[in-house]
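> here is a sequence with its predicted model. Questions after.
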Amino acid sequence: MPLTLQRDLDRRNVAFDHDFIFRSRSFDFRALITRYRGTVCTPAQYGTIVTAWQKSIYRFGGIPLEETIVATVLVKWDGIVHGVSLDSRSHGGLGKLCDFSQLQRCMARMLRGKPFADFMRTCPTAGEAQCLHLFEVLGAASSFYAHLQSKGLPQGSEEEMTRVYPGKQGIRVENEHWVLGKEQRSELNLRHNRKLRTTVQRLPDGLDALLTMVCDGETILSETVVADNFRSVYGKLNRIMAKCSRVEKAFFDVEGRMRFTNATALVGLLLLTMSHEAMHAARAIRIAWMLPLLQASGERQGCIAFNAILSTYRKPPRVQLI
């Protein structure tokens, strides 16, 4: 099935009409997690208009939580950011620390007067950006803009849809990615060889599973993942996702680091899905407790909202599982 943008909207209007991103009618409501993102670069009188978005839908305990960010950046012909704009409906999932005004301030501070293609050098971590999701959106947009520059192209677009489906035996992930008209479809399957073991925060504490990835009908990876603690689980999954990312990079002929992809976030989505498997009836309770630990395995400085959670609560809540 084609993506929402290709079905519902003329590409020429994407920089001006954001409504299709905020509508949820076109998404698969059977998926536990849906992440839809993309970038469009179009010529303007004084440079290039870059429109970037990311919409994440989480359905823990049947309760949908949507996090949507749509950002527009005007990059002058010399590559310097001249103006920024954030759709007023943009927000994260953690209240006032992720609302429009906070995101707008962060975006202006990070971009204005700086070379857009060097965003990841001037703002290398989510902690410096003060917002994980805005950091992901702008990092992807900057990377795609640099990709167009390296190809000598004045305009272009890319978009991606990732859906995560938990099952009795494991997790299935479907991904569709279009870059400059070229399409890649992939499916990742993680099948448990034994029962998942988790910590008191319901994070994976041990894993024995077979992970396979198929791209355009060809199996590119089949590997057994065995780990006995959370850090090991995170590290081994991150190493495997790096392999998958390199395959995607080669397929789309990208030079340098490719940030316009959901592959960089897939480890966190997999771990969050495993945590959901372990929570049963209490799956929607205090899920924010897991997010700081899932973000870069808890070893890097988190965004401002995650840091606030960690400083406010010292001990995880006691949850009785049914």
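Looks like it came in fine. Only a predicted model underlies this, so the values are computations on that prediction, with no experimental measurement involved.

> list the contacts for residue 264?
Applying Cβ atoms under 8 Å, 6 or more residues apart in numbering, we find residue 264 in contact with 136, 241, 245. All C-beta atoms are positioned from the backbone trio N, CA, C, and that covers glycine.

> of those residues, just say which sits nearest to residue 80.
The closest of the contacts of residue 264 to residue 80 turns out to be residue 136 (Cβ to Cβ; 22.4 Å).

> am I right that that closest one sits in a strand?
No: with DSSP: H, G, I helix; E, B strand; the rest coil as the criterion, residue 136 is located in helix rather than a strand.

> let me see the mean pLDDT of stretch 136-144.
Summarised as a single mean, pLDDT over stretch 136-144 is 93.

> longest helix of the protein?
Secondary structure of the chain per DSSP state H: the longest helix is helix 230-251.

> what does that one rub up against?
177, 182, 184, 186, 188, 199, 203-207, 211, 213, 215, 220-221, 223, 225, 227, 258, 261, 263-264, 266-267, 270-271, 293, 297.

> among these, name the ones in helices.
266, 267, 270, 271, 293.

> for the residues you listed, give me JSON lines that also has neighbour count and pLDDT.
Output for those, formatted as JSON lines (neighbours: other Cβ atoms under 10 Å; pLDDT from 0 to 100):
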{"residue": "266", "neighbour count": "22", "pLDDT": "90"}
{"residue": "267", "neighbour count": "22", "pLDDT": "88"}
{"residue": "270", "neighbour count": "24", "pLDDT": "90"}
{"residue": "271", "neighbour count": "21", "pLDDT": "86"}
{"residue": "293", "neighbour count": "20", "pLDDT": "52"}
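
> output the below-cut-off pLDDT ranges for this protein.
Low-confidence segments of the chain (pLDDT under 70): 1-17, 24-27, 93-99, 200-201, 277-322.

> all helices of it, in order?
Using DSSP H, the helices of the chain run over 4-8, 19-22, 100-111, 119-122, 126-129, 132-151, 230-251, 266-279, 291-294, 304-312.

> elements contacting the second one?
Counting by 3 or more Cβ pairs under 8 Å, 6 or more residues apart in numbering; DSSP states H and E, the packing neighbours recorded for helix 19-22 are helix 4-8, strand 47-60, strand 63-76.

> so which of these is the most packed in?
strand 47-60 (a mean of 22; mean count of other Cβ atoms under 10 Å).

> partner strands of that one, parallel or antiparallel?
Sheet pairing of strand 47-60 (DSSP bridges) gives strand 33-44 (antiparallel), strand 63-76 (antiparallel).

> returning to that earlier point: pull the CA atoms of the longest helix of the chain into PDB?
What follows is helix 230-251, C-alpha atoms only, in PDB (Å, rounded to 0.1, in the frame of the first residue of the first chain):
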ATOM      1  CA  PHE A 230      19.800  -4.700  29.600                       C
ATOM      2  CA  ARG A 231      23.000  -3.100  28.400                       C
ATOM      3  CA  SER A 232      24.000  -6.200  26.500                       C
ATOM      4  CA  VAL A 233      20.500  -6.400  24.900                       C
ATOM      5  CA  TYR A 234      20.700  -2.700  23.800                       C
ATOM      6  CA  GLY A 235      24.300  -3.000  22.500                       C
ATOM      7  CA  LYS A 236      23.700  -6.200  20.400                       C
ATOM      8  CA  LEU A 237      20.500  -4.900  18.900                       C
ATOM      9  CA  ASN A 238      22.200  -1.500  18.200                       C
ATOM     10  CA  ARG A 239      25.000  -3.400  16.400                       C
ATOM     11  CA  ILE A 240      22.600  -5.300  14.200                       C
ATOM     12  CA  MET A 241      20.500  -2.200  13.400                       C
ATOM     13  CA  ALA A 242      23.800  -0.500  12.300                       C
ATOM     14  CA  LYS A 243      24.300  -3.300   9.700                       C
ATOM     15  CA  CYS A 244      20.700  -2.800   8.400                       C
ATOM     16  CA  SER A 245      21.300   0.900   8.200                       C
ATOM     17  CA  ARG A 246      24.400   0.400   6.100                       C
ATOM     18  CA  VAL A 247      22.400  -1.800   3.700                       C
ATOM     19  CA  GLU A 248      19.900   1.000   3.400                       C
ATOM     20  CA  LYS A 249      22.600   3.600   2.900                       C
ATOM     21  CA  ALA A 250      24.200   1.600   0.000                       C
ATOM     22  CA  PHE A 251      20.800   1.000  -1.600                       C
END
